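[1] sequence plus the predicted model coming up.
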Amino acid sequence: MGITQDQASTACKAILSGDELGDMLYFLEHELDEGVLRSSRLPSDDHAAIVGYLKRAKKAAAAAQPPAAPPGSLPTIHEGQRYEDYRREMQDIAAEQVRRQLRAVQKGGQGGDSVTELGYQVMEEARIQRLVTVTERDRAAAQLWVQRAGHVGQQVLEACKPTSRLGEKGASKRKAMPQKRLRRCEEQQEGVQEKQQLGQQQEGQQEGPELGVQGLFSRLIQKSPGLFHVHDVHRTKSVCLDMKPDCVVSCTAHCMPIDTVLILDLKGQSESRKEYCRASHIYQLACYGVKLLEQLPAVCRSHVLLAVTDLRRIRFLRVTRKPGGDGYGYELSEEMEEVIPALCAVLLSEPSKYGAAYPPELTHDGEQVQLESFLGAGATSSVYRCSAAGQVGHMVAKVVRPAFQELADIEKDVLESLAGTPGVPALVGKGVATDSSPFLLLKPQGTTFAEGSSALELRRVALGVGQLVDALHAAHDKRIVHRDVRPDNIMVDVDVEDATWYIIDWGCAVRIPMAPTPVSGFCGTIRYASDRVLQLMASGGLVDASAADDLQSLVKALFVLSHPLERMELQAEGQPDAGGLLGVWRRFMQGRSMWSRLMDAAARSDYDVVRTGLVERFE
């Protein structure tokens, strides 16, 4: 990035006294590489935050130097003023934040926490289990599967032999191809394949170039047995968030975390018998499983099955939530040489055996509601992108678990009361799913600010913060308090030219009288609760609902959106207590006078000041 230690130190003098922070930034800039990032297990958000800080430090250091003035002229801008200008850009850096990143990078750089060693740790912790049992039925299904695949099936049989040495050159080229060209080539290959199978299969002629393990399996899965769907994840949305396994088996055509039966990774064949499932590959499988389970509450799913294969042998791994949410447990199978029969054993089983479940079936006005993708899940409900006959565009189906029927009724009543209010979703319909779960159909379908990452650029936030404040103001005018304003409940509809912003998930909302009244217990997300609510909870007092609490929660949600390191620290609190969170937020506000003023204005329910201040902050 071209930044020197002196430049970093100069830039950081505008924030802290001394050169400690500049030295740390200098170390990070020179030591941060992909290997260190992987070995230290830093999330991508950490990497992005550090790189962003370094870029701003370079910019601040360069601009802090006064420009060379013509001989005899006086400088028009004092150097101290330049420092003050760029202090606003650099004010988010705190020494402790960078120190945490420094420790993580140094720990990874020492090699004591490498991916391989983490894989050995998983293998040592794992219990050896017989996760998949192959029967004669599975062997017969495997034989039919290979026969249906025609010439590709013959290639798979050759690849399954112990003497096979099938590499991944074809797969590497395939990954490197641009997506449009890749789709065009695949369509052409499929057309050629069909013609050759029809006209030349009886003659036993060869077709196309030899494929790698991934290429062969991608062609084989088109003829897979059973009722499950097999997906090439390189061409579809991954069920493991930012990680991309090679293949996913699911109950439905729309691959979702809740209905995923098996996650499969394909490795090239080599001379070493254990090369395909070395420790780093086992750790990669474990990460896939954890990433999938993290998207769902324990009530939705407790475990997931994964496997790694090179078509000569296969090994299964099961990742399971530990009781009480205390981490994850691992079960590892012995190596199996019947690869295709073992896969058939999974494909022909009940999905519940491997932790998967069919999504609920919904109907609206007598028409089937098509669930197209999984958007998220919480303790009380799961949310899907969907469509239905007679409805223009996509909708959101919010399926509430039967035990929380009351929350569905509350949200229905609130949305009906706020119908037509800008910034509040429209209620399209309601009903009961086949599994007795109540559901709501809402419009529009948009993108939320996930707590882990945001796909939306901050400069676009300035267009929507005013709409969010206005939506809360309109609800408060009708004596309705949301009580759970957080990043996950802020949504933007990106399908329209002028993006519209929404406050979603009104299941915790209450109607309040003219004076605040204590309510039974706390409802919402404690990390974003207002300071007043945190104080009441810390002192053991009754918690009441007020409009000011919503407004301050909105300020906190937008603060963490623009401060990724603070957001990660907030998430790292585990099971936070009210008193501890109160101290965390006070520390966040130290030295940030503008955000402190917004918090005070929100506590006074001063909508105009909050609205104007947030727009200025993000512009």
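    Perfect, I can see it now.
[2] and Ala397, how many neighbours?
    Using other C-beta atoms under 10 Å, Ala397 has 30 other residues around it. For glycine as for every other residue, the C-beta is placed from the backbone atoms N, C-alpha and C.
[3] for the one 5 residues further on, same thing?
    For Pro402, the number of neighbouring residues by other C-beta under 10 Å comes to 12.
[4] secondary structure class for the residue nearest to it when sequence neighbours are not counted?
    Computed as C-beta to C-beta, 6 or more residues apart in numbering, the closest residue to Pro402 that is not its neighbour in sequence is Ser436, at 5.1 Å. Under the three-state scheme (DSSP: H, G, I helix; E, B strand; the rest coil), Ser436 adopts coil.
[5] for Ser436, give me the pLDDT.
    We have a pLDDT of 90 for Ser436.
[6] next, it: phi, psi?
    Per-residue torsions, Ser436: phi 70, psi 10 (degrees, to the nearest 10).
[7] do you know how far it is from Val469?
    According to C-beta to C-beta, to the nearest Å, Ser436 stands 38 Å off from Val469.
[8] number of residues surrounding the residue nearest to Pro402?
    The number of residues packed near Ser436 is 10, by other C-beta under 10 Å.
[9] can you tell me how far it sits from Lys322?
    From Ser436 to Lys322 the distance is 29 Å (C-beta to C-beta).
[10] now Lys398
    29 Å.
[11] pick out whichever of the two has more residues nearby.
    Lys398 (25 against 10).
[12] for the nearest residue to that one once chain neighbours are set aside, name its beta-bridge partners.
    Leaving aside its sequence neighbours, Lys398 sits nearest to Leu440 (C-beta to C-beta, 6+ apart; 4.7 Å). Listed beta-bridge partners, Leu440: Lys398, Lys430 (assigned using DSSP bridges).
[13] verify the contact between Leu440 and Ala426 for me.
    No - contact criterion C-beta atoms under 8 Å: Leu440 and Ala426 do not qualify, at 10.7 Å.
[14] and for those two, which residues touch both?
    Leu415 (C-beta atoms under 8 Å, 6 or more residues apart in numbering).
[15] higher neighbour count, those two?
    Legend: neighbour count by other C-beta under 10 Å for Leu440 and Ala426, higher for Leu440 (24 against 15).
[16] ok, now which ones touch the residue nearest to Ala356 when sequence neighbours are not counted?
    Spatially, and ignoring its direct neighbours in sequence, Ala356 is nearest to Val261 (4.6 Å; C-beta to C-beta, 6+ apart). Applying C-beta under 8 Å, 6+ apart to Val261 gives the contacts 228, 249-251, 305, 346-347, 349, 351, 354, 356.
[17] contacts only, for the nearest residue to Gly355 once chain neighbours are set aside.
    Using C-beta to C-beta, 6+ apart and skipping the chain neighbours, the partner closest in space to Gly355 is His303 (4.3 Å). Applying C-beta under 8 Å, 6+ apart, we find His303 in contact with 293, 318-321, 354-355.
[18] any figure for the gap between His303 and Leu614?
    When distance is defined by C-beta to C-beta, His303 is 43 Å away from Leu614.
[19] could you do Leu241 as well?
    Distance, Leu241 to Leu614, by C-beta to C-beta: 29 Å.
[20] quick one: which of the two has more around it?
    With neighbours defined as other C-beta under 10 Å, Leu241 and Leu614 compare such that Leu614 has more, 26 against 16.
[21] that one: helix or strand, and which one exactly?
    Taking DSSP states H and E as the definition, Leu614 sits inside helix 607-618.
[22] so Asp138: helix, strand or coil?
    helix.
[23] and if you look at Phe374?
    Here Phe374 is recorded as strand under three-state DSSP.
[24] where does the chain dip in pLDDT?
    1-114, 168-211, 234-236, 273, 449-463, 494-499, 514-521, 572-574, 619 (pLDDT under 70).
[25] show me the contacts for the closest residue to Glu337 other than its chain neighbours.
    Leaving aside its chain neighbours, Glu337 sits nearest to Arg313 (5.1 Å; criterion: C-beta to C-beta, 6+ apart). Applying C-beta under 8 Å, 6+ apart, we find Arg313 in contact with 276, 335-337, 339.
[26] between these, which sits nearest Asp531?
    Asp531 lies nearest to Tyr276 out of the contacts of Arg313, by C-beta to C-beta, at 54.4 Å.
[27] which residues touch that closest one?
    Contacts of Tyr276 (C-beta under 8 Å, 6+ apart): 267-270, 308-310, 312-313.
[28] just those: which are in strands?
    Secondary structure defined by DSSP state E assigns 308-309 of these to strands.
[29] ok, so of the contacts of Tyr276, who is nearest Ala379?
    Nearest to Ala379 among those, with distances taken as C-beta to C-beta, is Val308, at 32.7 Å.
[30] ok, that closest one touching Ile263?
    No - counting by C-beta under 8 Å, Val308 stays clear of Ile263, with 9.7 Å between them.
[31] grab the nearest non-local neighbour of Arg219.
    Val152 (4.4 Å).
[32] surely Val481 and Ser546 touch.
    Yes - between Val481 and Ser546 there is a contact under C-beta under 8 Å: 6.7 Å.
[33] show me what the residue nearest to Gly355 bridges to in the sheet.
    Using DSSP bridges, the beta-bridge partners of His303 come out as Thr320.
[34] from Ser546, how far out is it?
    Counting by C-beta to C-beta, the gap from His303 to Ser546 is 42 Å.
[35] just say helix, strand or coil for Arg385.
    Of the three states, Arg385 takes strand under three-state DSSP.
[36] can you tell me the element Ala379 falls in?
    For Ala379, there is no host helix or strand (DSSP H and E).
[37] got the contact list for it?
    Counting by C-beta under 8 Å, 6+ apart, Ala379 has contacts 297, 299.
[38] how far away is it from Ser436?
    Separation of Ala379 from Ser436 (C-beta to C-beta): 18 Å.
[39] and Pro323, by the same measure?
    Noted for Pro323: a distance of 27 Å to Ser436, by C-beta to C-beta.
[40] next one: Ile480
    For Ile480 relative to Ser436 (C-beta to C-beta), the value is 28 Å.
[41] how close does Asp550 sit to Arg597?
    Counting by C-beta to C-beta - Asp550 and Arg597 are separated by 18 Å.
[42] of these two, who's got more company?
    Neighbour totals were compared for Asp550 and Arg597, and Asp550 leads with 26 against 14 (other C-beta under 10 Å).
[43] need the contact list for that one.
    472, 475-476, 481-483, 485.
[44] just those residues now: which is nearest Leu375?
    Nearest member of these to Leu375, counting by C-beta to C-beta, is Val485, at 18.6 Å.
[45] thought that closest one was touching Ala475?
    No - the pair Val485 / Ala475 is not scored as a contact, 10.6 Å apart, by C-beta under 8 Å.
[46] for the nearest residue to Ala529 once chain neighbours are set aside, phi and psi?
    Nearest non-adjacent residue to Ala529, counting by C-beta to C-beta, 6+ apart: Ser553, 6.6 Å away. Dihedral pair for Ser553: phi -60, psi -40, per degrees, to the nearest 10.
[47] return the set of buried residues in stretch 137-153.
    By 16 or more other C-beta atoms under 10 Å, the buried positions in stretch 137-153 come out as 138, 141-142, 145-146, 149-153.
[48] for stretch 400-407, same thing?
    By 16+ other C-beta under 10 Å, the buried positions in stretch 400-407 come out as 400-401, 404, 407.
[49] pick the one among these closest to Gly431.
    Val400 (11.3 Å).
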